[in-house]
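Chemist: Have a look at this fold, sequence not included:
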């Protein structure tokens, strides 16, 4: 059924990507264009409808119409997307045999279940999902009896048990759209919603990008040690190479340092060959002309991370990423130190803790940043909640 851009605007949240199943004549695509999505995908099975929609939107660069089975095409498409999505699921098997006016009693489930399975297998579990034509899943018609609303709700809960599932009005019928949405931000929202790697190890690249969308960048300066070759498992490469940040990179090994210089040739990066210690860290930063209030400090030296953090007195980066190696007590100890320095925990990624200045913490809308609410690594490198490890 027709949909309005107001419905999409009301529920897009941070999503820049829109995915529709069941293009039909393209009204859903048009509503998504009007709602301001940067990238729009629409999947349609029938040839004539695909041709119609491609012709209608041939001059709209952000729109791509894909032909295929919606569940299969969606699963393939999602392999290439690592950011929040607003889904509009509106694909249905044709209910009538073309040469007859009699309903065809369908023997397969409606495609929505296969589509939800594809979404379930995506790395992000907090997408907003809108499912149209709820009335066909709750009626007595034999055309639709093979898929019922309870199956859809169960599948949504498999994707994320925290989904709030409600029914909202469509343009034509009351309570005809099933809406699944995360309405509160838990402690892990930065990692769960935005974590992905470019060169980082545990999703830090995506988390850091989102942090600096929430807070204002001061000077686009980042510092990282030990930097190795500047690429493998590093947390600042993406900022430098893809977002134009300036940086100080510190590495002590000859072989790594040579590669580090090659990595950042012609970039605004100062590469320093030095052993970083609590006794010389602030001197190195001062000699490198790092502003006292800079944007990001990444500490990952596999041993004296806590002591380095403790040694920082005059420099006040907005965001600090600190490796808190196992056991779990190291994270608790680091959080306690951060609080004495005026920082609050906003994310845990693998064995890394990410802190922001206390005055910035409310911007992240985390109700309770107690360690027990974060997922942390165990000795077997499996995620468990902190409460389970105490």
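Modeler: Sure thing, it's come through. As the structure is a computational prediction, the values presented were derived from the model and not from experiment.

Chemist: Nearest spatial neighbour of residue 291, chain-adjacent residues omitted?
Modeler: In this structure, residue 291 finds its nearest non-sequential neighbour in residue 219, 5.7 Å apart by CB to CB, 6 or more residues apart in numbering. Every C-beta, even on glycine, is put in place using the N, C-alpha and C of the backbone.

Chemist: does the one you found sit in a helix, a strand or a coil?
Modeler: What DSSP: H, G, I helix; E, B strand; the rest coil gives for residue 219 is coil.

Chemist: right, and residue 71 touches residue 110 too?
Modeler: No. Using CB atoms under 8 Å, residue 71 is not in contact with residue 110, being 10.2 Å away.

Chemist: Give me the domain ranges for the protein.
Modeler: Using automatic domain parsing, the domain parsing of the chain gives 5-181, 189-389.

Chemist: isn't there a strand covering residue 43?
Modeler: Yes. Checked against three-state DSSP, residue 43 lies within a strand.

Chemist: who touches it in this structure?
Modeler: By CB atoms under 8 Å, 6 or more residues apart in numbering, residue 43 lies in contact with 19-23, 65-68, 70, 73-74, 77, 91.

Chemist: and of these, the nearest to residue 363?
Modeler: The closest of these to residue 363 turns out to be residue 19 (CB to CB; 28.6 Å).

Chemist: Bridged to that closest one, which residues?
Modeler: For residue 19, the beta-bridge partners are residue 41, residue 87 (DSSP bridges).

Chemist: How much space separates it from residue 36?
Modeler: Residue 19 sits at a distance of 15 Å from residue 36 (criterion: CB to CB, to the nearest Å).

Chemist: Compare these two (neighbour count), which wins?
Modeler: For residue 19 versus residue 36, the count of surrounding residues by other CB atoms under 10 Å is larger for residue 19: 28 against 13.

Chemist: Does that one touch residue 75 like I think?
Modeler: No. Counting by CB under 8 Å, residue 19 does not reach residue 75; the two are 11.6 Å apart.

Chemist: and residue 66, that's in a strand?
Modeler: Yes. Judged by three-state DSSP, residue 66 forms part of a strand.

Chemist: Am I right that it is in contact with residue 45?
Modeler: No. Residue 66 is beyond contact range of residue 45, at 10.1 Å (criterion: CB under 8 Å).

Chemist: Return the distance of residue 77 relative to residue 93.
Modeler: Going from residue 77 to residue 93 by CB to CB gives 20 Å.

Chemist: And for residue 56?
Modeler: Residue 56 sits 23 Å away from residue 93, going by CB to CB.

Chemist: Over to residue 70?
Modeler: Separation of residue 70 from residue 93 (CB to CB): 10 Å.

Chemist: can you give me the end-to-end distance of stretch 227-237?
Modeler: End-to-end distance for stretch 227-237: 10 Å, by CA to CA, to the nearest Å.

Chemist: just stretch 248-268 next, same as before
Modeler: 9 Å.

Chemist: Return the per-residue confidence for residue 292.
Modeler: For residue 292, the model assigns a pLDDT of 96.

Chemist: my bad, residue 6
Modeler: pLDDT, read off for residue 6, is 95.

Chemist: Same question for residue 15.
Modeler: Note on residue 15: pLDDT of 92.

Chemist: Is it in a helix, a strand, or coil?
Modeler: With three-state DSSP as the criterion, residue 15 was assigned coil.
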